[in-house]
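Colleague: okay, here's the prediction I keep looking at, along with the sequence it came from:
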Amino acid sequence: MVGIVDSEADLADIVRSARTVAVVGMKGEADADSPAHAVPRALKARGLRVIPVNPRIASACGEPAHPNLAAVGERPDIVQVFRRSEAVAGVADEILALPPEHRPDVVWMQSGIRNDEAARRLVEAGMSVVMDRCLSVYTAKYRARP
């Protein structure tokens, strides 16, 4: 599925099939109560591999952090975005600059985050986009603990 994802069935398919999530803007253990740390921690508890992407931290959830998506060096199933809506255009630029084999299937903007223009560009490049939804909510709903 390529496009803006809104249907419950498609959201369920995304979280059931995902194995790896690169989290742009993830916070470290010093900010454990922040959604940008608590949500990825919950994803990890549901069996997803979490890849922190934030130049300001060394690691999070037991994984080394990367300064940007290019430094990840592999294709995550989902890129989850914990950045303000106006910063999503830059994240989209970063994704679109990746080699096609390293681009995610899905770009997921966390609750409260929406950027229609960035979403349009990502969809045109062949990705699915979820906006303004909590990945942890859908993972808890549709994915059993390992």
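Modeller: Alright, I've got the coordinates.

Colleague: which residues of the protein fall in helices?
Modeller: Assigned by DSSP state H, the chain shows helices spanning 8-17, 35-45, 88-97, 116-124, 135-142.

Colleague: among those helices, which is nearest residue 108?
Modeller: helix 135-142 (5.3 Å; C-beta to C-beta). C-beta here means a position set from N, CA and C on the backbone, and glycine is covered the same way.

Colleague: now do the buried residues in the closest one.
Modeller: Within helix 135-142, the residues that qualify as buried are 135-136, 138-140, 142, counting by 16 or more other C-beta atoms under 10 Å.

Colleague: follow-up on the earlier one: how about the helices of the chain in TSV, adding mean pLDDT and distance to residue 73?
Modeller: Formatted as TSV, the helices of the chain follow (pLDDT from 0 to 100; distance: least, C-beta to C-beta, whole Å):
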stretch	mean pLDDT	distance to residue 73
helix 8-17	97	22
helix 35-45	97	19
helix 88-97	98	14
helix 116-124	98	20
helix 135-142	97	22
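
Colleague: out of those, which gets nearest to residue 67?
Modeller: helix 88-97 (11.0 Å).

Colleague: run through who's touching that closest one.
Modeller: 24, 68-70, 79, 81, 83, 103-104, 107, 109, 113-115, 117-119, 121-122, 125, 127 (C-beta atoms under 8 Å, 6 or more residues apart in numbering).

Colleague: at 10 Å what do you get?
Modeller: 22, 24-25, 53, 68-70, 79, 81-83, 102-104, 107, 109, 113-122, 124-125, 127, 129, 131 (C-beta atoms under 10 Å, 6 or more residues apart in numbering).

Colleague: show me what counts as buried in that helix.
Modeller: So helix 88-97, judged by 16+ other C-beta under 10 Å, has buried residues 88, 91-92, 95.

Colleague: show me what contacts residue 1?
Modeller: 7, 9-10, 13-14, 105-106, 127-128.

Colleague: repeat that for 8 Å
Modeller: Per C-beta under 8 Å, 6+ apart, neighbours of residue 1: 10, 13, 128.
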